[in-house]
Structures are given as structure tokens and as C-alpha cells.
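Engineer: Need a 3D model of the following:
(one chain, ligands or ions: 2)
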Amino acid sequence: MSKIKVLDEQLANQIAAGEVVERPSSVVKELVENAVDAGSTTIDVTIEEGGLSLIRVTDNGGGIEASDMQTAFQRHATSKISTSSDLFRIASLGFRGEALPSIAAVSRLTCVSADSNGGLARRLVIEGGHITADEPANAPQGTDMSVRDLFYNTPARLKYMKSIQTELGHISDYINRLALAHPGIAFTLKHNGSTLLRTMGTGDRLQVIAAVYGTSAAKAMLAFTDSDSDYELTGYTSKPELTRANRNGITVVVNGRYIRSHAVNQALLQAYHTLLPINRFPLTILELGMHPGLLDVNVHPSKMEVRFSKEAELRVLIERAVKATLTAQRYIPGASTGG
Ligand code: ADP
Ligand code: MG
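Structural biologist: Ligands and ions are numbered 1, 2, ... in the order given. Alright, predicted model coming up:
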């Protein structure tokens, strides 16, 4: 008898969960990204006990068709890409078709969703990867995902979780950044009944900056904008008087996705040059738009890392844009003002 066999789907999902679902904030990230991809204009996130007892994300987006409900929870099932060429022009936040089956494999999940066919909502319950209910439900258009008892069936992972405050910190940080990335979406974040963030969804990014960092920070921000043939750049960055002790105040958004990029950070800091005290960093929200073909987001399962195909040009653009703003505000002596 052959010794090698293909793993059953449940086991494969649990293994994938090890990569995709590192901690409660990874679940929040995947569910909220799905809500953004669904075209939602309001996204409510409710957390209990740092996400270990409950993570609930409710959106008013396009919803999941009743006949697609179970498929959405299958491995590699996605509505976002279908051919390999799609992989090189990704316009959505998700595309791997891994999040839902992975999350459902390591929690007790309830999904209620209704698409625009009104009244045809469906309620699906999955516990540790096994479907325990699939029935008609009554719900408005949108999707309501509740994830309870995360890692209840993977004790090793559960043991590795940090304090409620630490897990909540990661969740809150992520929601703050996504709200900054999407000022047109009204977000709320609640933990154990208290509201930690509420944004209005008006599209005004300064309003979101005020909600996340406070009104005095919002008042110390300078707008910048520039573009070249490949990139559209906009954002806000703090006057050199307002600095922070680390780079965590820098949020980089690429085609709607919050990412981390050493190259972008370097270009930004280069623009300030000697204006910042040593080991101090600006508060910045920097948004880049580009043709998805210029970007590789398929670097890591978390999709937090990307590769730019024209990184050198991008650095030049960012440095130029931020320097122009600092010059206009007379922080950098400009040639035209005789500096
Ligand atoms: P991916 O986002 O990579 O496609 P997921 O496992 O996160 O994979 O989701 C699978 C599919 O389920 C999505 O492609 C989408 O069609 C559907 N889906 C998930 N969440 C939502 C949501 N909040 N609203 C509408 N559709 C959703
Ligand atoms: Mg997804």
C-alpha cells in the first residue's frame, strides 16, 4: 500500500491556518478586507476579550449569494481572480481564497449573508471546519461574520497568545490604518462594549486622522500630492515639530491596501533630511495608486509585503513630493525664495 496520500481538506485547512491566522488581528484583517472588497460603506467590528472570545465583522456590502455560501468556505475558492494573468493585476485586497476556510478550521464561525436578492439570506455555522448548520435566515443585504473561541481546537496556538491588551493593540492598530486607507468607509471598533474608533465615511482623510491620532495631530499635518507616468501619490505628513519615537506613525497604502515598505519609509525620511531630530519620525499617511501590473502583492500570505517593479522611480517621486510641501511651508529653504 502506498505511504503517501493527499491530506483531507480539514487537515489542509488547519495547516494553512497556521500561516494565515497567526493571531486574532489576522482574523480581523481578513474579515475586514473581505468587507472592503465587497464594496461596503459601513464596517462594524466588535471584539470581546482581545478577539479570543469573539470577533464580529458586519458589513453592508454586496453579500454572498445563498448558493455560494458553502463554496466561499472551501479552500482556494474565490470570486476575485480566475486566471493566472489576473494574479498579475490584482485590484482587490483578497485573492488567495484561503482566509475563510482557514479561520473556520480553528474557530466556531457563524456567517449570515444576503446579497441584493433581498430576503434570501443564509446562515452557515462551521465548528472546527465542520458544517453544523446551513439554513435560510432573515438579514439585510451584507455580511455578518462571527468568529468565536478562536484556536479552541489548536491548544498550542492558543497558549502562544499574548495578553488581551496586546492582542487588542494589534487589532486596533490594523483598524486604524484601514480607516486611514479608506476614508470613504465608516468604521467602528468596539471592545468589550466600549467604542475605540468611529469614523464617518465622508471621504475626508483629515477627519480620520483626527479620529485616530487626535485633533491636534490633524492640525499639524501638511498635505502633499504628486504623480509621474506610473504613480499617483497623495497624503498627509506632519510638520517637523510633530514627531514620534518610532516609525509606527507611518501608514503606507497601495491601491487601497495597507502595506509595510522599507523603500517608501526611506524615501519619506530622506525628504525630511535633517529637519527631524535623530531617532524621531513623522506621522504620515501616504497613499499610492498605480496600475496593479506594476505591483506584486503575492509575496507572503499576509499580503503585507509587496514588490514594486519601478522602485527607484517611486522613491524619487515620494522624496520630491514631500520635499515640495516642506519647501512650500518654508521648512526647507526654496530656490525661488532665495533661501
Ligand atoms: P478571498 O478574499 O481571497 O477571495 P476568502 O476566503 O477571504 O478569499 O473569501 C472567499 C470568498 O467569499 C470571496 O472571494 C468572496 O466572494 C466571498 N466573501 C467573503 N467575505 C465576504 C463579504 N464580507 N462580503 C461578500 N463576499 C464575501
Ligand atoms: Mg479574503
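Engineer: Kindly report the residues of the chain close to ligand 1.
Structural biologist: For the chain, the residues in contact with ligand 1 (CB under 6 Å from any ligand atom) are 30, 34-35, 38, 59, 61-64, 72, 77-80, 94-100, 143. For glycine as for every other residue, the C-beta is placed from the backbone atoms N, C-alpha and C.
Engineer: Which ones among these lie within helices?
Structural biologist: Mapping those onto helices (DSSP state H) picks out E30, N34, A35, A72, A99, L100.
Engineer: Could you report the neighbour count for the residue lying closest to the second one once chain neighbours are set aside?
Structural biologist: The spatially closest residue to N34, leaving aside those adjacent along the chain, is G94, at 6.0 Å (CB to CB, 6 or more residues apart in numbering). The number of residues packed around G94, counting by other CB atoms under 10 Å, is 20.
Engineer: what sits against whichever residue of the chain sits closest to ligand 2?
Structural biologist: Relative to ligand 2, the nearest point of the chain is G94 (2.8 Å; CB to the ion). Counting by CB atoms under 8 Å, 6 or more residues apart in numbering, G94 makes contact with E30, E33, N34, D37, T78, K80.
Engineer: please redo it, this time with the cut-off set to 7 Å
Structural biologist: E33, N34, D37, T78, K80 (CB atoms under 7 Å, 6 or more residues apart in numbering).
Engineer: Of those - the most surrounded one?
Structural biologist: Greatest neighbour count in the contacts of G94, by other CB under 10 Å, goes to N34: 24 neighbours.
Engineer: re the thing from before, looking at the contacts of G94, which one is closest to E135?
Structural biologist: N34 (21.7 Å; CB to CB).
Engineer: how about the helices in the stretch 101-250 of the chain?
Structural biologist: Secondary structure of the stretch 101-250 of the chain, counting by DSSP state H, counting those that start in this stretch: helices at 155-160, 164-181, 205-213, 215-219.
Engineer: Greatest separation within the ones in helices among the residues of the chain next to ligand 1: which pair is it?
Structural biologist: A35 and A72, at 13.4 Å, using CB to CB across those.
Engineer: So the two - more neighbours on which side?
Structural biologist: More crowded of A35 and A72, by other CB under 10 Å: A35, with 26 against 21.
Engineer: Could you tell me which residues of this protein lie near ligand 2?
Structural biologist: Residues of the chain lying close to ligand 2 by CB under 5 Å from the ion are N34, G94, A99.
Engineer: rerun that using 8 Å as the cut-off
Structural biologist: Residues of the chain lying close to ligand 2 (CB under 8 Å from the ion) are 30-31, 33-34, 37, 78, 80, 93-100.
Engineer: Compute the distance between the one residue in the stretch 201-339 of the chain that gets nearest to ligand 1 and N13, please.
Structural biologist: Residue nearest to ligand 1 within the stretch 201-339 of the chain: K303 (9.1 Å; CB to the nearest ligand atom). Per CB to CB, to the nearest Å, K303 is found 18 Å from N13.
Engineer: And V306, by the same measure?
Structural biologist: From V306 to N13 the distance is 26 Å (CB to CB).
Engineer: More neighbours: which of these two?
Structural biologist: N13 (24 against 21).
Engineer: Next, find the distance separating that one from T83.
Structural biologist: Counting by CB to CB, the gap from N13 to T83 is 24 Å.
Engineer: Checking S82 next. Helix, strand or coil?
Structural biologist: Three-state call for S82 (DSSP: H, G, I helix; E, B strand; the rest coil): coil.
Engineer: where does this structure have low pLDDT?
Structural biologist: Residue ranges of the chain with pLDDT under 70: 118-119, 335-339.
Engineer: again, only this time at 50
Structural biologist: Within the chain, the stretches with pLDDT under 50 are 337-339.
Engineer: in it, what residue is nearest ligand 1?
Structural biologist: Scanning the chain for the residue nearest ligand 1 gives G94, at 2.3 Å (criterion: CB to the nearest ligand atom).
Engineer: tally of neighbours for S172?
Structural biologist: 20.
Engineer: Which residues are in contact with the closest residue to it other than its chain neighbours?
Structural biologist: Computed as CB to CB, 6+ apart, the closest residue to S172 that is not its neighbour in sequence is L196, at 5.7 Å. Listed by CB under 7 Å, 6+ apart, the contact set of L196 reads S172, L189, K190.
Engineer: Show residues contacting stretch 95-108.
Structural biologist: Counting by CB under 7 Å, 6+ apart, 10, 13-14, 16-17, 20-21, 27, 30, 34, 72-78, 80-81, 109, 126-129, 147-154, 301 sit against stretch 95-108.
Engineer: State the phi and psi torsions of the residue of the chain closest to ligand 1.
Structural biologist: phi -100, psi 160 (degrees, to the nearest 10).
Engineer: if I look at it, how far off is V20?
Structural biologist: From G94 to V20 the distance is 11 Å (CB to CB).
Engineer: try A245
Structural biologist: 32 Å.
Engineer: residues touching Y231, list them.
Structural biologist: So Y231 contacts L288, M290, L314, L317 (CB under 7 Å, 6+ apart).
Engineer: Just among those residues, which is most surrounded?
Structural biologist: Counting by other CB under 10 Å, top hit in the contacts of Y231: L288 with 26 neighbours.
Engineer: Kindly tell me how buried the nearest residue to that residue once chain neighbours are set aside is, as a neighbour count.
Structural biologist: Taking CB to CB, 6+ apart, and ignoring the residues beside it in sequence, L288 has V254 as its nearest neighbour in space, at 4.8 Å. Neighbours of V254 under the rule other CB under 10 Å: 23.
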